[in-house]
Structure formats: C-alpha cells, structure tokens
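S.K.: Here is a sequence with its predicted model. Questions after.
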Amino acid sequence: MKGITGLLFVVIVSILTVIGLFILYTHFNIEGVRRSIVERGIIAEINKMEFLKTNLHQALDYSFYQAKYEVAALGGYVKLAQPAYNNLPYWRVYTATYDPPYLKNLEDRTLALYNIYNKAIKTEISKPEATKVTIEKISNTDYALVIALTTEPMRLEKPNLVIEENGTVNETIRTKILEMFDIGKNNFVATDKIKESIVNAINSLNLPSTGEKTGCGYCPSAEEVFIHVSGSSFSQAEKLMKEAIDDYLNKLEEKLSTDGIQVSFLNREIKTKVDYSCQSSWGGCCEMECDDYGNCWCVEWSCTTTCDFDFYGAARALVNITDKTSLYAVYDKTTDLRNIMLKFYVVAGNKELI
C-alpha cells in the first residue's frame with residue numbers, strides 16, 4: 001500500500017511539474033509574442049517618422065530649386081522692383097546702382113515654398129512650420145547649406161508611445177546660384193565692367209582728339225575739321241565706335257563666363273556720339289586781286305577752325321547669367337526641366353546717351 005501511495009505521489013508531482021513547465025513556457029511564449037508585436041508597432045511608427053523626414057528633405061530640395069529659379073528670373077527679387085525695363089530690374093543706370101537683397105529674397109521664397117510643400121504632406125505626425133530658412137555657401141565648393149529652422153519638434157503620439165524628432169531640416173545642395181549673384185554684383189554693381197569695355201573700345205580706335213583746318217573765305221565746320229584729320233565723317237566714326245563696343249562686349253562675355261556659368265549681354269542697344277568744341281579765327285589773306293597798275297588788295301580772307309573732339313558711347317543690355325551645369329524640374333506655367341538664369345538690365349557708358 002505504501003508503495004502504491006509513493007508511486008502515486010511521484011506521478012502527481014511529475015504531472016504538476018510538467019503542467020507548471022508548460023504554463024511557464026506558454027507564459028514566456030505569449031510574452032515574447034506580445035513584446036514582438038509591440039516592438040514591430042514601435043518600428044512601424046519610427047519608419048513613419050523616417051519616411052516623413054525623407055519627404056521633408058525632398059521638399060526642401062524642391063523649394064530651393066523653385067525659389068532660385070523664380071528669384072533669379074526676377075533679377076534677385078521676389079516681386080518686380082523699380083526702376084525696371086521690359087519687366088526686369090536695373091542693377092545699374094550709369095552711376096546709380098541697385099543692389100537687391102537677393103540672398104534674403106532667396107531665403108524668404110524658399111521658406112514660403114517649403115511650408116507649402118510641408119503642409120501638403122498628409123500624415124498623422126504633427127509637423128511644425130519652418131520659421132526661417134538660411135542659405136550659406138560652403139567655402140571653395142559648389143555647395144550651399146540650406147536649413148529650414150523650426151522651434152517645435154515633429155511629434156507622433158500613440159497610446160503608450162510618444163516619438164519626437166527635431167523639426168529642423170538641413171540639406172547640402174549643389175548649386176551655382178550664389179556664384180551667379182556674386183558675378184553680377186562684382187562686375188555690374190561694385191564695378192562697371194560694361195563702361196570699362198565701352199571706354200576701351202573707343203580708345204582702341206585711336207580717333208583724333210584735336211584738329212584744325214583752314215578755309216579760304218569761310219570757316220570750316222567741326223565735321224570738316226574731323227574729316228581733315230581722321231579721314232572719316234562723324235557718322236562713320238560713330239558706326240566704328242558701335243562696332244568696336246559690340247566686339248568688346250563679346251570679349252567681356254567670354255572673360256566673365258566660367259566653367260558651368262555663361263554670361264551673355266542680350267537685347268543690346270548701343271549709342272555713340274562724337275562731340276566737339278571749336279574756335280574759329282580769321283587770319284591772312286588767301287586770295288588777292290591786283291589792277292593793271294600793280295595795286296593789290298585782299299579779296300578772300302582765310303579762317304582757321306580748331307576743334308577738340310570727345311567720343312562717347314553707352315549701352316543698355318540684358319545681362320543673362322546662366323547655370324549651364326544642370327537642368328531643374330521647376331514650375332513656370334508648366335513643369336519642365338529648365339536652366340537657372342539670373343536676369344537684369346544694365347545701362348552704362350561714359351555719357352548718358354540712352
């Protein structure tokens with residue numbers, strides 16, 4: 001009897017042990033499954049946040065591309081500025097210069113576009129608007145650091161789960177736009193390269209600055225003096241100056257263009273003028289008459305005209321500075337791949353002829 005009781009005890013203990021182990025195994029297995037489900041849920045939410053961040057980086061890229069296209073096309077402005085010509089601003093009108101705040105305009109337009117794209121992204125994640133965009137050229141490179149700053153984080157809130165990420169987005173973007181603006185400012189605002197070219201073109205012709213001619217019985221005109229000393233009329237000289245100025249502007253285009261950036265002077269209007277100041281004085285007798293008795297008298301007196309000549313030229317040109325390295329998908333009534341072009345007008349010369 002005792003043997004049977006002992007055996008029963010052993011069997012019961014064994015069964016209870018097996019049941020306990022089974023319950024313990026089931027508990028840990030269920031806990032593992034539950035934890036796995038929770039972890040997968042967290043990973044899924046994290047992936048949503050990462051996907052949003054990727055979209056925001058792309059939005060910042062597109063905003064910058066569109067902004068630089070628009071601002072460059074308006075000569076560094078967001079809205080047309082005055083003075084203007086043919087719906088584009090002047091950067092120089094002779095000695096008066098107009099230096100647009102193009103970097104601030106580029107930052108402000110990028111900010112506006114970025115917030116539009118940001119708002120258009122549909123997600124359950126709380127997305128703050130950017131409060132400021134900064135654009136800074138990275139030294140000695142073709143890259144700019146573009147940062148869309150926010151004061152609030154991105155936030156995803158679920159039961160028992162809160163995920164926050166810094167809402168500020170930054171991108172290092174390859175671009176020529178800041179170099180293009182520098183070319184414009186350095187050559188047409190800080191200095192006047194078109195005027196320099198005009199003066200050099202005129203000087204290259206070696207036109208006479210002074211001259212005189214004597215007439216018998218009359219005083220020669222300024223143009224007669226000029227023809228006498230130069231061999232050409234005023235109109236011929238003015239035509240030569242126009243041709244020389246046009247040629248020198250072509251050379252300036254080549255000089256200012258760099259690897260990837262083309263500078264062109266379009267819609268050229270060139271005017272030239274020969275100006276003069278003259279003095280005339282009557283001198284000796286140039287023609288005499290005598291009678292049969294040897295008495296002579298002066299019939300025609302000579303007149304000498306002495307002139308100083310000045311040569312002037314002026315040009316109005318649409319300065320087009322083009323990024324030739326890339327085409328960008330931008331919107332301008334239609335979406336297409338386009339070059340970025342900085343456009344503005346310049347009037348320059350050594351006299352206000354235009």
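M.R.: Alright, I've got the coordinates.
S.K.: tell me the strands in this structure, going along the chain?
M.R.: Using DSSP state E, the strands found in the chain span residues 84-85, 88-93, 96-97, 132-137, 143-149, 154-158, 161-165, 169-174, 210-216, 261-290, 296-323, 328-332, 334-338, 341-349.
S.K.: For residue 124, which of these is the nearest?
M.R.: Of all the strands of the chain, it is strand 154-158 that lies closest to residue 124, at 7.0 Å by Cβ to Cβ. Quick note: C-beta positions are derived from backbone N, CA and C, even for glycine.
S.K.: buried sites along the closest one?
M.R.: By neighbour count on 16 or more other Cβ atoms under 10 Å, the buried set for strand 154-158 is 154, 156.
S.K.: now for that strand, which elements pack on it?
M.R.: With contacts defined as 3 or more Cβ pairs under 8 Å, 6 or more residues apart in numbering; DSSP states H and E, strand 154-158 has these neighbours: helix 2-73, strand 161-165.
S.K.: List the neighbouring strands of the last one plus their orientation.
M.R.: If I follow you right, that is strand 161-165. strand 154-158 (antiparallel) (DSSP bridges).
S.K.: wait, what's in contact with residue 119?
M.R.: Residues counted as contacts of residue 119 (Cβ atoms under 8 Å, 6 or more residues apart in numbering) are 127, 129.
S.K.: And the one 4 residues further on, by the same measure?
M.R.: When contacts are counted by Cβ under 8 Å, 6+ apart, residue 123 touches 48, 52.
S.K.: Need the per-residue pLDDT for it.
M.R.: At residue 123, the predicted lDDT confidence score is 80.
S.K.: Next up, phi/psi of it, please.
M.R.: phi -160, psi 160 (degrees, to the nearest 10).
S.K.: any idea how far residue 131 is from it?
M.R.: 20 Å (Cβ to Cβ, to the nearest Å).
S.K.: re the thing from before, just say which of the strands of the chain is most tucked in.
M.R.: strand 341-349 (a mean of 23; mean count of other Cβ atoms under 10 Å).
S.K.: Report all helices and strands that it contacts.
M.R.: Strand 341-349 packs on helix 2-73, strand 88-93, helix 177-188, helix 193-203, strand 296-323, going by 3+ Cβ pairs under 8 Å, 6+ apart.
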